[in-house]
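Asks: pasted the sequence and its predicted model underneath.
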Amino acid sequence: MIDRLDVSYGDMWGSHEGPTHPDPIPSALAARRHAAGMSYAVLLSSRERPLGMVERWPRGRWRVYLFDDASRRAQMIDFEPFGTDRLLASRNTPLTEGDRETLTVEGLSCPAPDFGDWQVFAPFLAQQGHEPAVTVVLNDVSVHEGAGPLRPTNIERLFVPGPRDTPDGPAVVELGDAGPLRITSGRLAVSDPGWVAGPRTVAVPPGEYPVTLSLLRATHEIRVAAAKVTFSDAPTHAWEMTLRPDEDPELLGEGEFYGVGVDTGTVAFMDATRTVDEEGLDEDVFLPLSSVDRPSVELPGTETEPNLIAFSAGWGDGSYPVWTGRTEDGQAACVVVDFRLYPADQEMETPGGTGPSPA
């Protein structure tokens, strides 16, 4: 008889198989994601054995995985909202080999839970032989809050020339001049040039500004470790993550960040009004770029649009943090894309120094 359940939280599991969260998160972060309508997972365990895993999905939907005695996900029940305060099962699927017939959903319903009301799912544990008591006590065993989202650690050092130790051996940082970038609209955009919908933007005065590359040179190649466009000679007083209007860093886990998504191995600085002819990108951008001798390329301006400066994205596709450096009076001094080719000293020593974007 199950009279006590240990509760822990994490990101959605996907295809992960195991007795614990692959990416645990604190309960406070899960509560913030719940309030924002975001997804997360709740693991219900007893004596270090997983019994149920509850996933919160968008639009009021829930999914419950039930574990068998071998700690395998043996059953999946999908719930849809019914009215304003209940959940009704829409699908009940066995997951173990040799038993593929869909199970009945008749009678499978429960109250729609507020955050923390996980007792509502306890009765379903009985479907795998884990009979709950009339009263089930919940015990929060989730991880502690930790250091929070990725922090801007030693950004300036990315642009200091000299030798570096990297995971692949010794290398040398050199600075490269990618040319001046013209801003006419008063907004810089940072984006993959092959996908410019929803770029990260920063308000800056119109003008021409230098673009500098931090180049990590190894024996046979050079990689762009970071790229910077500078708007002011005034020193940077503080760094901030460059966010879209709908992004909230309070919803990020430890070491996570909102960044520029890359699908073409390339990032570009451009004016927010600049358009891109996708048909000409191969010839004008992707083919000219080289990890041997050409890490950046300029698309010249036209009669109606300013230029665009594109550069190779570190090791290629992924998501990379974009930092805005602010002067003491809050103006944009520079914007930096960090391709995270090697950890800064403090990042190696301090929690919260690594991690992908959640989105």
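Replies: Noted; the coordinates are in hand. Note that the coordinates shown come from a computational prediction; the quantities given were computed from them, not determined experimentally.

Asks: what is the end-to-end distance of stretch 135-154?
Replies: End-to-end span of stretch 135-154 (CA to CA, to the nearest Å): 52 Å.

Asks: from the chain's centroid, how far away is it?
Replies: Relative to its parent chain, stretch 135-154 has a centroid offset of 17 Å by CA atoms, centre = their mean, to the nearest Å.

Asks: in that stretch, what's buried?
Replies: 136, 142-143, 148-153 (16 or more other CB atoms under 10 Å). Every residue, glycine included, has its C-beta placed from N, CA and C.

Asks: Leu108 contacts Ala89, doesn't it?
Replies: Yes - counting by CB atoms under 8 Å, Ala89 is a contact partner of Leu108 at 3.5 Å.

Asks: looking at the buried residues of stretch 135-154, which is nearest Thr184?
Replies: Pro152 (28.3 Å; CB to CB).

Asks: skip the chain neighbours and tell me the closest residue to the closest one.
Replies: Nearest residue to Pro152 in three dimensions, chain neighbours excluded: Trp239, at 3.6 Å (CB to CB, 6 or more residues apart in numbering).

Asks: what's the answer for Glu174, then?
Replies: Leu215 (4.7 Å).

Asks: just to be sure, the one you found is in a strand?
Replies: Yes - counting by DSSP: H, G, I helix; E, B strand; the rest coil, Leu215 is found in a strand.

Asks: ok, what's across the strand from it?
Replies: Glu174, Val224 (DSSP bridges).

Asks: tell me the secondary structure at the nearest residue to Ala35 once chain neighbours are set aside.
Replies: Distances taken as CB to CB, 6+ apart put Phe115 closest to Ala35, at 7.4 Å, once the chain neighbours are dropped. Counting by three-state DSSP, the backbone at Phe115 sits in coil.

Asks: residue contacts, Phe115?
Replies: 30-31, 34-35 (CB atoms under 8 Å, 6 or more residues apart in numbering).

Asks: circling back: between Leu108 and Ala89, which contacts overlap?
Replies: 77, 79.

Asks: flag the shaky bits of the chain, pLDDT-wise.
Replies: 98-100, 343-359 (pLDDT under 70).

Asks: can you give the contact residues for the lengthiest helix in it?
Replies: Secondary structure of the chain per DSSP state H: the longest helix is helix 27-35. Residues outside helix 27-35 that contact it (CB under 8 Å, 6+ apart): 7, 9, 39-40, 42, 56, 115-116, 140, 142, 145, 250-251, 253.

Asks: pick out the most distant pair among the residues you listed.
Replies: Checking the contacts of helix 27-35 with CB to CB, the most distant pair is Val7 and Glu250, at 21.3 Å.

Asks: neighbour count for these two, which is higher?
Replies: The residue with more neighbours, out of Val7 and Glu250, is Val7; 18 against 12, by other CB atoms under 10 Å.

Asks: got the angle between the helix or strand the more buried one falls within and helix 27-35?
Replies: Using DSSP states H and E, the element containing Val7 is strand 2-10. The directions of strand 2-10 and helix 27-35 differ by 80 degrees, with axes from the mean of the first three to the mean of the last three CA atoms, to 10 degrees as the criterion.

Asks: what's next to strand 2-10, contact-wise?
Replies: 20-27, 29-30, 40-46, 48, 51, 118, 122, 125, 130-133, 135-143.

Asks: now, of these, which are buried?
Replies: 21, 23-27, 29-30, 40-46, 51, 118, 122, 125, 130, 132, 136, 142-143.

Asks: which of the residues you listed fall in helices?
Replies: 27, 29-30.
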